[in-house]
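In: got a sequence here, can you model it:
(2 chains)
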Protein chains: 2
Amino acid sequence: MNRYWSKRLGEITAYQAGEQPQDRTYIKLNTNENPYPPSGKVLARLNQVDTEMLRRYPDPDARLLKQAIASYYDLEPGMVFTGNGSDEVLGHVFMAFFDQSAPVCFPDITYSFYPIYCARYGLSYIQIPLTSDFRIDPDTYPDRCGGIILANPNAPTGRFLEPAQIKKLLGRNPDSVIVIDEAYIDFGGASCIPMIREYPNLLVVQTLSKSRSLAGLRVGFALGQMGLICGLEIAKNSFNSYPLGSLAIAGAIEAINDQDHYLQCTGKVAETRDWLSGCLLGLGFDVIPSLANFLMIRHASVQAEVLYQKLRERGILVRYFNAPRISDYIRVSIGTRADMQEFLRNIGEITAAGTSIGTKAVSLPL
Amino acid sequence: MNRYWSKRLGEITAYQAGEQPQDRTYIKLNTNENPYPPSGKVLARLNQVDTEMLRRYPDPDARLLKQAIASYYDLEPGMVFTGNGSDEVLGHVFMAFFDQSAPVCFPDITYSFYPIYCARYGLSYIQIPLTSDFRIDPDTYPDRCGGIILANPNAPTGRFLEPAQIKKLLGRNPDSVIVIDEAYIDFGGASCIPMIREYPNLLVVQTLSKSRSLAGLRVGFALGQMGLICGLEIAKNSFNSYPLGSLAIAGAIEAINDQDHYLQCTGKVAETRDWLSGCLLGLGFDVIPSLANFLMIRHASVQAEVLYQKLRERGILVRYFNAPRISDYIRVSIGTRADMQEFLRNIGEITAAGTSIGTKAVSLPL
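Out: As a prediction, this is how the structure comes out:
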């Protein structure tokens, strides 16, 4: 705490992103990046940047991008909000729709940024426990609250909640906004986007970082009825009128329009995930059923933190969360098939060695 | 007001940026863009974008860019904060340093985003009148307040306040942060950056949008002692950990490193401004002395709104502010010499015609 910080600042904690070490080359399976390149059309467009695109302010409304997204999802451009990554979109969402008079609800295990947004905007919140098998149970959510946000598939579990279940929540909570954070939806889950025209309280947030392989470009968006989108525009225009640069707009349009490429890449990721899941079960791991581009896994005898550390020593980065209920697990992003074969070979060796040590350690006191 | 908006959202108004019409080609003198292209090295770098830069998350700390900026201004990297344009940096500044317990102070005529940030963060503020000739008088600012923010040169007047005057304010207000928004400093003013090591309460905010011709790339930064910069990092990491995309980082580094190009371009803009100012005085305009890349001008007999409208009809966009004390003026961004010759020819014709009408209109009742 510095003497010049506002009281508000002193009360918040910052989000910790996955590490991006520079010391050596790793197989990076820790931040859910897509292992495949973005559409070649994105690269072709960006390699034709001209000085006017740089010298001039971007279109503050990113109209052409909104048109492309609306057209792809069969909505109107006025039902699309764009931002500098879905994190920025979510930041505006918490400001625009969640009120200080009633607590926001989200699962006890979910994207760890949600409580941080609450702290930033002075919002109270209730963390509703996932079931013992890490499912979101809509019946455990209240009928009246300050808003609900669910990551679907959830992070970092990867578990998917059927849109029919979300419909129940939307109907039971007509007075509050229900935000579905679909950062990982494109790897096999069914989106809630088709429900938008029916529910004025539904907002769906997505990103181009994962399924479109554009984490470096920073583009996210929200879809909802115009009343919600208009609220987000006001929130944005009270903070930063020009969040998307001209290059981000131009690249994102190409990515949205190249449907074939993105379906191909997300299909390969889903296929590798399902194959890997089977192999890990064979190696004695618990695997949480996932429709995301990552798996949460736990070994019967080797501790998660040990797995994380030993993989790191071997040049493979995964994510370990030292948090209640999930500290037994590591989260493994799905890379290429070759990446995952290398991962399997290494984790197989580690657990084979670890299990024998583990067995001794456990057997000694017996 | 929509039933789903938070109370907070209902209380704020959004910023209105200068128009970016798409209906025809204009000589755009309304948003203070640099008429010259950015460094060729920026373009060369951006035309070598590879898939890894897009697929991977950017460095959330933008370390290489911070190093480049620190090295250019002879500071440490820990004294540099970067953001998605200086508007985003300013948004975090209002959140991090201005407290709700005492009002923030800024001039009555200044960047119109400041009251909007105050509304967003529930801050009260005092607008302190500029002198009758549009100068900031430090003696009119209180010794104790919730913080002070001054644009220097001020916008939209263009008037510059000497750093020695700002020193007085810094010394008299040791308990609050004084933010100098130097978006327009590179066109002839002296920066407060050399005072940073002396004053722990000084924060200087700059942008690459104007002097580095990179409005489309969205990069701004703040410089201050580490206690302040650390506060901004916390504010950022409670909202969006990855504000700068990989392309913005890469392009900005090249722009900062190419000192010659930027000095040449800003020099040409300053020269054109001073030449234009002389011409306008000759045409019977009042011109507020400016060290920015724009001029605020007023004609003795043709109303500002008429000038704005008639220029627009002739394909020249300038900015008209329908606001107290400045509604007699138009703001004209400095373009190329050719742009400004075209502007002069047109405004000369408009005022010649307008004055003769004006004279008649005025003479009739006599």
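In: from now on I want contacts and neighbour counts done on CA atoms only, so please keep to that.
Out: Fine.
In: the residue nearest to residue A:111 when sequence neighbours are not counted and chain B, how far apart?
Out: Take residue A:111 and drop its neighbours on the chain: the residue closest to it by CA to CA, 6 or more residues apart in numbering or on different chains is residue A:155, 5.4 Å away. The gap separating residue A:155 from chain B is 17 Å, by CA to the nearest CA, to the nearest Å.
In: what is the burial count for residue A:155?
Out: Neighbours of residue A:155 under the rule other CA atoms under 10 Å in any protein chain shown: 24.
In: kindly state the pLDDT recorded for it?
Out: With respect to pLDDT, residue A:155 scores 96.
In: just confirm it is within a helix.
Out: No. Using DSSP: H, G, I helix; E, B strand; the rest coil, the assignment for residue A:155 is coil, not a helix.
In: ok, it touching residue A:107?
Out: No. The criterion here is CA atoms under 8 Å, and residue A:155 misses it with residue A:107 at 10.1 Å.
In: distance between the ends of stretch A:1-20?
Out: Counting by CA to CA, to the nearest Å, you get 26 Å between the two ends of stretch A:1-20.
In: any residue of that stretch up close to chain B?
Out: Yes. With CA under 8 Å from any CA of the partner chain as the criterion, chain B is reached by stretch A:1-20 at A:2-9, A:12-17, A:20.
In: run through chain A and note the low-pLDDT ranges.
Out: Within chain A, the segments meeting pLDDT under 70 span A:355-366.
In: please enumerate the helices of it.
Out: A:7-10, A:40-46, A:51-55, A:63-73, A:86-97, A:113-120, A:163-172, A:226-236, A:246-257, A:259-282, A:304-313, A:337-363 (DSSP state H).
In: tell me the buried residues in the shortest one?
Out: Within helix A:7-10, the residues scored as buried using 16 or more other CA atoms under 10 Å in any protein chain shown are A:7-9.
In: now what about that helix, what contacts it?
Out: A:1, A:120, B:95-97, B:99, B:231, B:234-235 (CA atoms under 8 Å, 6 or more residues apart in numbering or on different chains).
In: quick one: buried ones out of those residues?
Out: Taking 16+ other CA under 10 Å as the criterion, what is buried in those is A:120, B:95-97, B:99, B:231, B:234-235.
In: I'd like those residues as a markdown table, with distance to residue B:53 appended.
Out: Formatted as a markdown table, the buried ones among the contacts of helix A:7-10 follow (distance: CA to CA, whole Å):
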| residue | distance to residue B:53 |
| --- | --- |
| A:120 | 30 |
| B:95 | 31 |
| B:96 | 31 |
| B:97 | 34 |
| B:99 | 39 |
| B:231 | 28 |
| B:234 | 25 |
| B:235 | 26 |
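In: of all those, which comes closest to residue B:309?
Out: Distance to residue B:309, by CA to CA, is smallest for residue B:95 among the buried ones among the contacts of helix A:7-10, at 38.1 Å.
In: check contacts around that closest one.
Out: A:6, A:8-9, B:121, B:235.
In: and residue A:82, by the same measure?
Out: Here residue A:82 is in contact with A:62, A:66, A:89, A:219-222, A:244 (CA under 8 Å, 6+ apart).
In: mind running it again at 7 Å?
Out: Counting by CA atoms under 7 Å, 6 or more residues apart in numbering or on different chains, residue A:82 touches A:220-222.
In: quickly list the domain ranges of chain A.
Out: What automatic domain parsing lists as the domains of chain A is A:18-34+A:260-355, A:40-257.
In: coming back round to it: distance to residue A:335 added to the contacts of helix A:7-10, as a markdown table?
Out: Converted to a markdown table, the contacts of helix A:7-10 look like this (distance: CA to CA, whole Å):
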| residue | distance to residue A:335 |
| --- | --- |
| A:1 | 40 |
| A:120 | 34 |
| B:95 | 39 |
| B:96 | 39 |
| B:97 | 42 |
| B:99 | 46 |
| B:231 | 36 |
| B:234 | 31 |
| B:235 | 32 |
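In: give me the residue from the stretch 251-366 of chain A nearest chain B.
Out: residue A:251 (9.7 Å; CA to the nearest CA).
In: would you agree that residue is in contact with residue A:47?
Out: No. Here residue A:251 does not reach residue A:47: they are 10.0 Å apart, not a contact under CA atoms under 7 Å.
In: ok, back up a step: for chain B, state which of the buried residues of helix A:7-10 is nearest.
Out: Relative to chain B, the closest of the buried residues of helix A:7-10 is residue A:9; by CA to the nearest CA it sits at 5.4 Å.
In: distance of that closest one relative to residue B:224?
Out: As judged by CA to CA, residue A:9 and residue B:224 stand 17 Å apart.
In: which residue packs closest to the residue nearest the centre of chain A, ignoring adjacent ones?
Out: Central residue of chain A (CA atoms, centre = their mean): residue A:183, 4.1 Å from the mean position. With sequence-adjacent residues excluded and distances taken as CA to CA, 6+ apart, residue A:183 is closest to residue A:206, at 4.9 Å.
In: show me the contacts for the one you found.
Out: A:86, A:181-183, A:220-222.
In: any idea how far chain B is from it?
Out: 15 Å.
In: what does the stretch 1-150 of chain A put close to chain B?
Out: Contact residues (CA under 7 Å from any CA of the partner chain) of the stretch 1-150 of chain A with chain B: A:2, A:4-7, A:9, A:13-15, A:33-34, A:37-38, A:46-49, A:51, A:53-58, A:84, A:87-88, A:91, A:96-99, A:116-117, A:120.
In: out of those residues, which end up buried?
Out: By neighbour count, with 16+ other CA under 10 Å, these hold A:4-7, A:9, A:13-15, A:33-34, A:37-38, A:46-47, A:49, A:51, A:53-58, A:84, A:87-88, A:91, A:96-99, A:116-117, A:120 as buried.
In: picking up where we left off before, residues touching the residue of the stretch 251-366 of chain A closest to chain B, list them.
Out: A:42, A:45-46.
In: equivalent analysis for residue A:281, please.
Out: residue A:287.
In: and residue A:4, by the same measure?
Out: Going by CA under 7 Å, 6+ apart, the list of residues near residue A:4 reads B:97, B:176-177.
In: tell me if I'm right that residue A:105 and residue A:150 touch.
Out: No. Contact criterion CA under 7 Å: residue A:105 and residue A:150 do not qualify, at 8.6 Å.
In: okay, and the beta partners of the closest residue in space to residue A:157 that isn't next to it in sequence?
Out: Among residues not flanking residue A:157 along the chain, residue A:296 sits closest, at 5.7 Å (CA to CA, 6+ apart). As for beta bridges, residue A:296 partners with residue A:331 under DSSP bridges.
In: hang on, residue A:296 packs against residue A:287?
Out: Yes. Residue A:296 lies in contact with residue A:287 (CA under 7 Å); the separation is 6.0 Å.
In: who has more neighbours, those two?
Out: Applying other CA under 10 Å to residue A:296 and residue A:287 shows that residue A:296 carries more neighbours, namely 25 against 18.
In: and that one, what does it touch?
Out: Residues in contact with residue A:296 (CA under 7 Å, 6+ apart) are A:157, A:287-288, A:329-332.
In: quick one: residue A:207 from chain B, how far?
Out: Distance, residue A:207 to chain B, using CA to the nearest CA: 12 Å.
In: who's in contact with that residue?
Out: Residues near residue A:207 by CA under 7 Å, 6+ apart: A:85-86, A:183, A:219-221.
In: cool, residue A:308 as well?
Out: By CA under 7 Å, 6+ apart, the neighbours of residue A:308 are A:318, A:320, A:330.
In: follow-up on the earlier one: closest to chain B among the contacts of residue A:82?
Out: Nearest member of these to chain B, counting by CA to the nearest CA, is residue A:220, at 11.6 Å.
In: so that closest one sits right up against residue A:84, yeah?
Out: Yes. Applying CA under 7 Å as the test, residue A:220 and residue A:84 come out as touching, 6.0 Å apart.
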